[in-house]
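> Sequence first, predicted model second:
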Amino acid sequence: MKPITYRSMKLTIWGAAGQVTGSMHLLELDNYKILIDCGLDYERDTQLEDNERFPFDPADIDVVILTHAHIDHTGNLPTLVRLGFEGQVLCTPPTADLTELLLLDSVNIFLGKERRSRRGRKKGKGSGGPRPLYLQKHVMETADRFVTIGFNKPFRLTGEVSLMFIPSGHLLGAGYVILTVNERGRERKIAFSGDVGRRNYPVIVDPEPLPEVDYLVCESTYGGRFHSTDRTIEEVLTETIDEACVKTPGRLIIPSFSIGRTQALVYSLNRIFANGLLPPVKIFVDSPLANYATEVFRKYHSFVNEEAREFYRREGDGYEFENLIYVQEMKESKEISNYLEPCIIISSAGMLEGGRIQDHLYYNIQNYYCTILFIGYCAKGTLGHRLLRGDPFVHIRDRELSVYATIRQTDLFSGHADHGDLVRLVQTTNGRLKQVFLVHGEPQSLGALSESLTEAGYQVVIPQQGQVFELN
């Protein structure tokens, strides 16, 4: 009697290996190839054009599955399509809408860099910058391939392979990808965490436990780090606004990522002012992308957490209230500089690398009555990082400016699970887990999480880029 053989299942980690950006994982089952995420790699030593060099033929990929919309998980999709991918892109409904917004914004960023490079060449500066990875038509071709699936609803990819999304928190529509392979009565399951959220985050649902799985590809962004727990978001915001705008008639500038972070911030401010914790203060949201994203959050109101739904039933729209102004046109943005009353300015980008936030910094960094509150991570080398480390001077718009504004930071708006949350997530697999692959983290974070999981009895691997694993 011949021994029973099962189809091979091969996992290759092509992105976010030993780093945070560029998430891309290939799962191969005989002749069927599944790509989980297709993110832009924008690490310091990576050139934009490097993203065109896929380590496989895009035409060979049968289907792409997205964990969530952030650009380090979706930003290279149009390149994949441009170079020959013809399959479907599977994701939740909010992920489809938010991804399209972010990809169109990427096109604008690419074209902006190209224009600045052209101007530099005309002035005899530099030899030319990168051409755009893709254009709007490629984004539209990509969006046409989206097939949306609700949470906790099995979706059959082939006769033997099925997919399910389970809420992972982190961002509207984000989900763990759970793939189940059933063959001759034998079931094998592999989970891809995407980015895992934290509990009790404004607007976003809590991450759910993982089901029992055989293999897990898990993010490690906050490995070795723990979030502050001694104060709430509303306490920190109330205190900061009171000091910056009430006790002192100044202005508070909050750099914020347009999708997810800004909506959580606006909702938290709504709660503060609705509860009468502070006198009225004018608030400007100066980010067109954030404004469009807020419409997506309104559209998918059923995907937000119960607290936000209850607030809506009691108070109305969580993203609209008195003294809140959404700024769209550049002319309106520039006019904020002439507003002399105390105010709050929310603008992108969160690390201060480009965007309208640089205009507000240019006019306020030397203002003793200005406070800049960072609510997110700032990578080394960014303008945000230089301000947070206390540089007395910063370079903005070809000028070196003294830093007289007050610089503050809170980690309470971080949308990532911390070290303890990640360990607990792995533990929800209930003993069936054969192997954990740690990705999407800096080397120190990967090492810290690996050590804790190994001590807890799990078999842990920190893959190298391109490393292949046979999953039995």
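That came through fine.

> Look up how far G390 lies from the residue nearest the centre of the chain.
Nearest to the geometric centre of the chain sits H70, at 3.9 Å (Cα atoms, centre = their mean). In this view, H70 and G390 are 29 Å apart by Cβ to Cβ, to the nearest Å. Quick note: C-beta positions are derived from backbone N, CA and C, even for glycine.

> on that earlier part again, I figured the residue nearest to the centre of the chain hits L101, correct?
No. With contact taken as Cβ atoms under 8 Å, H70 and L101 are classed as non-touching, separated by 11.4 Å.

> list the contacts for the nearest residue to G415 once chain neighbours are set aside?
Take G415 and drop its neighbours on the chain: the residue closest to it by Cβ to Cβ, 6 or more residues apart in numbering is H170, 5.1 Å away. Contacts of H170 were listed using Cβ atoms under 8 Å, 6 or more residues apart in numbering, and they are 68, 194-197, 204, 207, 260, 415-416.

> Closest to Y362 out of the residues you listed?
G260 (26.1 Å; Cβ to Cβ).

> Now do the same contact list for that closest one.
70, 170-172, 204, 293, 415 are the contacts of G260 under Cβ under 8 Å, 6+ apart.

> Just those residues: which are in strands?
Nothing among the contacts of G260 maps onto strands, per DSSP state E.

> For my notes, please list the residues you listed in a markdown table and give pLDDT for each entry.
Output for those, formatted as a markdown table (pLDDT from 0 to 100):
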| residue | pLDDT |
| --- | --- |
| H70 | 95 |
| H170 | 96 |
| L171 | 98 |
| L172 | 98 |
| I204 | 98 |
| A293 | 97 |
| G415 | 92 |
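
> are any of those residues buried, and which?
Taking 16 or more other Cβ atoms under 10 Å as the criterion, what is buried in the contacts of G260 is 70, 170-172, 204, 293, 415.

> Can you lay out those as JSON lines showing distance to T454?
Listed next are those as JSON lines, based on distance: Cβ to Cβ, whole Å:
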{"residue": "H70", "distance to T454": "29"}
{"residue": "H170", "distance to T454": "25"}
{"residue": "L171", "distance to T454": "29"}
{"residue": "L172", "distance to T454": "34"}
{"residue": "I204", "distance to T454": "30"}
{"residue": "A293", "distance to T454": "39"}
{"residue": "G415", "distance to T454": "27"}
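
> Would you agree T262 falls within a strand?
No. Counting by DSSP: H, G, I helix; E, B strand; the rest coil, T262 is not found in a strand; it is helix.

> tell me the average confidence for stretch 348-366?
Averaged over stretch 348-366, pLDDT sits at 90.

> Could you do stretch 74-86 as well?
The model assigns stretch 74-86 a mean pLDDT of 97.

> Kindly report the same for stretch 386-399.
93.

> outside of that stretch, which residues touch it?
Taking Cβ under 8 Å, 6+ apart as the rule, stretch 386-399 contacts 352, 358, 361-362, 365, 372, 374, 378, 383, 400-403, 407, 409.

> Can you flag which of these belong to helices?
358, 361-362, 383 (DSSP state H).

> Who's the closest spatial neighbour of E141, skipping the chain neighbours?
Per Cβ to Cβ, 6+ apart, closest to E141 is V81, 5.3 Å.

> meant to ask about E470, not that
E470's closest residue in space is K10 (Cβ to Cβ, 6+ apart), at 5.9 Å.

> In contact with the one you found, which residues?
K10 touches 27-29, 468-471, counting by Cβ under 8 Å, 6+ apart.

> For the helix or strand of the chain with the lowest mean pLDDT, name the packing helices and strands.
Across the helices and strands of the chain, mean confidence by mean pLDDT, DSSP states H and E is lowest for helix 93-122: a mean of 86. Helices and strands touching helix 93-122, by 3 or more Cβ pairs under 8 Å, 6 or more residues apart in numbering; DSSP states H and E, are helix 71-74, helix 77-82, helix 136-143, strand 146-148, helix 288-299.

> and if we set it to 7 Å?
If you count contacts as 3 or more Cβ pairs under 7 Å, 6 or more residues apart in numbering; DSSP states H and E, helix 93-122 packs onto helix 71-74, helix 136-143, strand 146-148, helix 288-299.

> I'd like the distance from it to the chain centre, please.
On the basis of Cα atoms, centre = their mean, to the nearest Å, helix 93-122 sits 16 Å off its chain's mean C-alpha point.

> one step back: just give me the closest of the contacts of K10 to I233.
Of the contacts of K10, the one sitting nearest to I233 (Cβ to Cβ) turns out to be L27, at 37.3 Å.

> That closest one: which element?
strand 25-29 (DSSP states H and E).

> The helix or strand just after that strand to strand 25-29, inter-axis angle?
Using DSSP H and E, the helix or strand that follows strand 25-29 in sequence is strand 32-36. In terms of direction (axes from the mean of the first three to the mean of the last three Cα atoms, to 10 degrees), strand 32-36 departs from strand 25-29 by 160 degrees.

> Identify each buried residue in strand 32-36, please.
Buried, per 16+ other Cβ under 10 Å, within strand 32-36: 33-36.

> Neighbouring strands of the lengthiest strand in the chain in the sheet, and parallel or not?
Longest strand in the chain by number of residues (criterion: DSSP E): strand 175-183. Using DSSP bridges, strand 175-183 pairs in its sheet with strand 161-167 (antiparallel), strand 186-192 (antiparallel).

> between it and helix 93-122, how big is the angle?
120 degrees.

> what comes into contact with strand 175-183?
By Cβ atoms under 7 Å, 6 or more residues apart in numbering, the list of residues contacting strand 175-183 from outside reads 6-7, 9, 27, 29, 36, 65, 67, 92, 151, 160-168, 187-194, 210-211, 213.

> how far does it sit from the chain's center?
23 Å.

> That strand - what's its average pLDDT?
On average, strand 175-183 scores 95.

> on that earlier part again, tell me which of the strands paired with strand 175-183 lies nearest to Q464.
strand 186-192 (18.0 Å).

> Quick one: name whatever helix or strand follows that closest one.
With DSSP H and E, the next secondary element past strand 186-192 is strand 215-219.

> before we move on, back to that, go through the contacts of H170 and name the one with the lowest pLDDT.
Within the contacts of H170, pLDDT is lowest for G415, at 92.

> I figured that one hits Y201, correct?
Yes. Counting by Cβ atoms under 7 Å, G415 touches Y201, with 6.4 Å between them.

> For the stretch 251-400 of the chain, which segments count as helices?
261-274, 288-299, 306-315, 330-335, 357-364, 383-388 (DSSP state H, counting those that start in this stretch).

> For the last one, which residues meet the burial criterion?
Within helix 383-388, the residues that qualify as buried by neighbour count (16+ other Cβ under 10 Å) are 383-388.

> As JSON lines, those with distance to L237 would be great.
Output for the buried residues of helix 383-388, formatted as JSON lines (distance: Cβ to Cβ, whole Å):
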{"residue": "L383", "distance to L237": "23"}
{"residue": "G384", "distance to L237": "19"}
{"residue": "H385", "distance to L237": "23"}
{"residue": "R386", "distance to L237": "24"}
{"residue": "L387", "distance to L237": "19"}
{"residue": "L388", "distance to L237": "18"}
